[in-house]
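> dropping a prediction and its sequence here:
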Amino acid sequence: MAHGTVQKRRGVYASVGVGLAGVLLLALTGCGGGSDGTSSVKATEAPSGGTSTAAAKPAPAAKPDTPGADPATLAAKWNLKPFAAPPAPPADKPIKGGGPKPPVVEKIPTQEKIVFITIDDGAEKDPKFLDMMRDLRIPVGMFLNDTYVRQDPEYFRKLQDLGATVQNHTLSHPDLKTLGADAQKHQICGQQDRLGELYGKRPTLFRPPYGNWNATTQTVAGGCGGIGAIVKWQESMQINDMQYAGEKKLHPGDIILAHFRGPSELKGTTMTEMFGNMLRKIQAQGFTIARLEDYIG
């Protein structure tokens with residue numbers, strides 16, 4: 001779960017030169033969004049002084065799939081063009097995270113033409129997606145639940161080694177608004193502990209299943225240790241196009257939601273095809289991709 005400046009890597013997404021750098025419909029995925037009676041905010045500051053996260057060794061620097069390969073060649077393998085490198089993340093983070101009630105974030109306040117990709121659940125573990133990420137080095141946040149992580153923890157470790165960050169999506173994906181404080185604590189803090197043990201660092205971000213949360217969720221998340229913000233989204237990737245919030249276009253700082261899904265859920269489309277479709281939609285609108293964790297303090 002990298003923080004700070006973007007690491008320099010050779011590949012399609014790099015921090016120098018030219019480089020490459022979301023819910024499926026509720027009926028399709030069972031992970032659609034709703035809101036609770038309290039208001040979520042697009043950029044709300046929480047009280048300072050959040051709980052500290054556990055120390056962890058940084059992920060090893062990833063190596064390109066083909067040493068010396070041209071970024072355009074790597075992108076062309078996936079029918080893509082290289083993205084522009086994102087701007088350096090601000091030293092003063094626009095979202096002040098942490099505190100006893102972490103802020104609920106739907107987008108990042110910025111004027112830069114950047115968006116953020118998040119991928120939920122973990123059901124599909126397509127080996128070709130590992131190849132895609134190895135070539136493209138897209139910064140993504142993985143919001144995982146233990147139902148799927150326990151099936152193959154190593155798959156997500158490989159993605160972590162390629163620069164993806166591991167974030168919290170509960171143990172078993174319940175609607176938290178239907179649960180009391182103790183049950184919410186089991187789901188959120190239990191997964192916080194689990195992912196910290198598996199991947200060497202406690203998640204810093206939490207996404208409630210279906211986007212459903214309440215005041216209890218904020219209080220519980222703030223007490224789990226390490227959670228700096230509750231993250232929702234503006235757009236969700238379907239199969240060939242995005243479901244937009246409001247105007248049918250991207251805006252600077254939008255958070256995009258996708259899922260680890262395969263042909264059985266995507267009407268025959270593979271994970272890599274869906275992801276490629278999303279990247280082309282982002283690129284066609286003139287945006288590049290940044291790392292969400294770099295914008296939340």
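Right, received. Where do you want to start?

> what about the longest helix in the protein?
Longest helix in the chain by number of residues, with DSSP state H as the criterion: helix 181-199.

> against which helices or strands is that one packed?
Helices and strands touching helix 181-199, as assessed by 3 or more Cβ pairs under 8 Å, 6 or more residues apart in numbering; DSSP states H and E, comprise helix 146-149, helix 153-161, strand 165-168, helix 215-222. No exception for glycine: its C-beta is placed from N, CA and C like everyone else's.

> list phi and psi for Y244.
Phi and psi for Y244, reported as degrees, to the nearest 10, are phi -100, psi 150.

> neighbours of M278, just the number please.
A total of 24 residues lie near M278 under the criterion other Cβ atoms under 10 Å.

> that one and M242 touch, don't they?
Yes: shown here, M278 and M242 form a contact pair, counting by Cβ atoms under 8 Å, at 7.1 Å.

> which helices and strands sit right next to the next helix or strand after the longest helix of the chain?
Sequence-wise, the next helix or strand beyond helix 181-199 is strand 205-206, with elements assigned using DSSP states H and E. Contact here means 3+ Cβ pairs under 8 Å, 6+ apart; on that basis strand 205-206 packs against strand 140-144, strand 165-168, strand 229-231.

> now render those as CSV, adding mean neighbour count and distance to A290.
Formatted as CSV, the helices and strands packed on strand 205-206 follow (neighbours: other Cβ atoms under 10 Å; distance: least, Cβ to Cβ, whole Å):
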stretch, mean neighbour count, distance to A290
strand 140-144, 25, 11
strand 165-168, 26, 12
strand 229-231, 28, 14
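
> need the ones you listed in TSV (columns: mean pLDDT and distance to P71).
Formatted as TSV, the helices and strands packed on strand 205-206 follow (pLDDT from 0 to 100; distance: least, Cβ to Cβ, whole Å):
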stretch	mean pLDDT	distance to P71
strand 140-144	98	18
strand 165-168	98	22
strand 229-231	98	29
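
> with distance to L266 added, can I get the ones you listed in TSV?
As requested, these are arranged in TSV below (distance: least, Cβ to Cβ, whole Å):
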stretch	distance to L266
strand 140-144	18
strand 165-168	22
strand 229-231	23
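
> of all the ones you listed, which one is nearest G262?
Taking Cβ to Cβ as the criterion, strand 140-144 is the member of these that comes nearest to G262, at 15.8 Å.

> what's T270 in contact with, if anything?
Under the criterion of Cβ atoms under 8 Å, 6 or more residues apart in numbering, the contact list for T270 reads 126, 128, 262-263.
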